[in-house]
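J.: attaching a predicted model along with its sequence, questions to come.
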Amino acid sequence: MHKDTQAGQCLVARLRAIVGRAHVLTSASSTRRYRTGIRFGSGPALAVVRPGSLVEQWRVLQACMAANAIVIVQAANTGLTGGSTPDGDDYDREIVIVSTLRIARVHLIDGGRQAVCLPGATLFQLEKMLRPIGREPHCLIGSSCIGASVFGGVCNNSGGSLIHRGPVFTQLTLFARVDQAGRLELVNHLGIELGSDPETILERVERGGFAAEEIAHPADRVASDQGYEAHVRAVDEPTPARFNADPHRLFECAGSAGKVMIFAVRLDTFERDARTAVFYIGSNDTQELEEVRRHMLGSFRSLPVSGEYIHRNAYRIAETYGKDTFLAIRHLGTDRLPALFALKGRFDALAARLPFLPHDLSDRVMQAVASLFPPHLPKRMTDYHRRFEHHLIVKMAGDGIEEARSWLSQAFPTASGAFFECSADEGEKAMLHRFAVAGGANRYRAIHRKEVQDILALDIALRRNDRDWFESLPPEIDRTLEQKIYYGHFFCHVLHQEYIVRKGHDPVAIEHAMWKLLDGRGAEYPAEHDVGHLYNAKPALVAHFRSLDPCNCFNPGVGRTSKLAHWK
């Protein structure tokens, strides 16, 4: 559809008046890193707007709605399915991306037992604030290191690597929506008395310092997933433990995938484990690892803190192509990693302006630098990589340490498997190596771009009672793949299955064939990366989207739904 250029220019002028000229980006080069997902998705945008306060964000939204523009709200843009960027150029209205990273405040309440997070707050920021008081946010592995936002987890019902906490979830939020008649409204379900006028509410929540009498604890609303421990222990149930579109976890902002504009969320925090230990299990028998899972979930008094699976090939890919990420976290600390990722994004945007520079230049430079360092993984892990195809990293806490130590000592060694208890250094390196797998797949594609077609990434939730969890592909699919990279959160039966597609083959056609195989296995997908623009949203999720956004003005097209106004 033809878009009114004059109307677009008027909207840009209005946005500049709200946030200042420096915070409204319009050129293709300056908006590129906001319009492009880190792995998938890209498209045009009229402007990228970076409000510096919640009131500015509200006024930006009012201006966009008055101009009949699409709004895509974006925080860290670390998603893997393109869910916070445009996708293609077949939208019927101008698109404005609202980047919230300048509004990155967190208020701790109830002595730190809960946190009120604003739109730009990251998991790492929240973790850093909670650490001195002995508490933790919902998620720690992976996302917190690369600067993922708190809101991203809430919008997608993501996370769950920490077995006893389940997916991130809250019913206590402050958000804006547009009703069927096109009226914009601010909804305060935060459980905090903030006044009645929208700008007063937003100024108040941004300022923080809430009095105890202003904070309610409604009995009918929760700030974390309740009962997940019992749910994940039910290993004989024929349904997955968790997945993005689980109807039981779709509630207002939870699972909204950007179909409203969120201004604040209220989340529970968790007591930090004082004493932990990591056990490293290797096996050449998938059923042996499944018995470990079933026994620990079904019989242990103490649930594992986490249980991370790595296949031998994923181990090798991460060892070679995730080495720089490992070394950066190990030697520079997680404090600096978000800044390094942001620097990489700016470098890539600059390099894209110079056509004589090679594609993925930053990846090639980092890969070359990492190769100069000596081997970085512990000797016992390297030995297990040689001996065993399947690796399981189990973290226990408190009394669970002795429980796991005792049972594993009786269960292993076997003809096909063995285990060892990690030293503190080995445990840290094992978890860092597991985190490096996803980045390793991206790096492999970047380095071998001339030889491979693309990455195909599946994020699946198997049924809790599935014993045959390891994939076996038919030959007609298998021969199209250069690499198969398997890893995941094993105790929840959530697996990340990434494939490097050989040159000349269609990744989309291959993926659709794989979906049919997953449907036949009773799997749900995506498990935690959200539908983005890759997956078809299932009926319950589409109904959730339409109830939140009847005008289809927020993030249209997500879940491969309609991009047109009023869902035409």
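T.: Yes, it's here.
J.: OK, contacts around the residue lying closest to Arg312 once chain neighbours are set aside?
T.: Setting aside the residues directly before and after it, Arg312 is nearest to Glu389 in space (CB to CB, 6 or more residues apart in numbering), at 4.7 Å. C-beta here means a position set from N, CA and C on the backbone, and glycine is covered the same way. Applying CB atoms under 8 Å, 6 or more residues apart in numbering, we find Glu389 in contact with Ser283, Asn284, His311, Arg312.
J.: same question, Asn442
T.: Applying CB under 8 Å, 6+ apart, we find Asn442 in contact with Ile38, Arg39, Asp363, Ile455.
J.: nearest to Leu517, of those?
T.: Ile455 (18.4 Å; CB to CB).
J.: where does the chain dip in pLDDT?
T.: 1-4, 141-146, 160, 334-338, 341-342 (pLDDT under 70).
J.: check the offset of the longest helix along it from the chain's centre.
T.: If you go by DSSP state H, the chain has its longest helix at helix 424-447. The chain centroid and the centroid of helix 424-447 are separated by 16 Å under CA atoms, centre = their mean, to the nearest Å.
J.: now do the buried residues in it.
T.: For helix 424-447, the neighbour count (16 or more other CB atoms under 10 Å) marks 426-427, 429-447 as buried.
J.: next, count neighbours for Gly88.
T.: 12 (other CB atoms under 10 Å).
J.: repeat for the one 10 residues further on
T.: Neighbourhood size, Val98 [other CB under 10 Å]: 24.
J.: one more: the one 10 residues further on?
T.: Residues within reach of Leu108, counting by other CB under 10 Å, total 17.
J.: show me where the stretch 101-250 of the chain has helices.
T.: 123-130, 150-156, 198-207, 228-233 (DSSP state H, counting those that start in this stretch).
J.: would you turn these into a markdown table with distance to Asn68 and mean neighbour count?
T.: A markdown table is the format used below for the helices of the stretch 101-250 of the chain (distance: least, CB to CB, whole Å; neighbours: other CB atoms under 10 Å):
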| stretch | distance to Asn68 | mean neighbour count |
| --- | --- | --- |
| helix 123-130 | 35 | 21 |
| helix 150-156 | 24 | 28 |
| helix 198-207 | 20 | 18 |
| helix 228-233 | 42 | 17 |
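J.: and of those helices, who's closest to Asp268?
T.: Short answer: helix 123-130, nearest of those by CB to CB, at 11.3 Å.
J.: against Ser158, how distant is the residue nearest to Phe491 when sequence neighbours are not counted?
T.: The shortest distance from Phe491 to any non-neighbouring residue, by CB to CB, 6+ apart, is to Gly307 (4.0 Å). As judged by CB to CB, to the nearest Å, Gly307 and Ser158 stand 18 Å apart.
J.: swap in Met366?
T.: On the measure of CB to CB, Met366 and Ser158 end up 26 Å apart.
J.: of these two, who's got more company?
T.: Using other CB under 10 Å as the criterion, Met366 and Ser158 rank with Ser158 on top: 25 against 21.
J.: now the strands for the stretch 1-150 of the chain?
T.: For the stretch 1-150 of the chain, the strands defined by DSSP state E, counting those that start in this stretch cover 24-25, 47-49, 70-74, 95-99, 106-109, 114-117, 135-136.
J.: again but with the stretch 151-300 of the chain, I slipped
T.: 173-178, 184-189, 261-268, 270-271, 276-283.
J.: pretty sure Ile133 is touching Arg113, no?
T.: No. Ile133 lies out of contact with Arg113 (CB atoms under 8 Å); the separation is 9.5 Å.
J.: after the longest helix of the chain, which helix or strand is next?
T.: strand 452-461 (DSSP states H and E).
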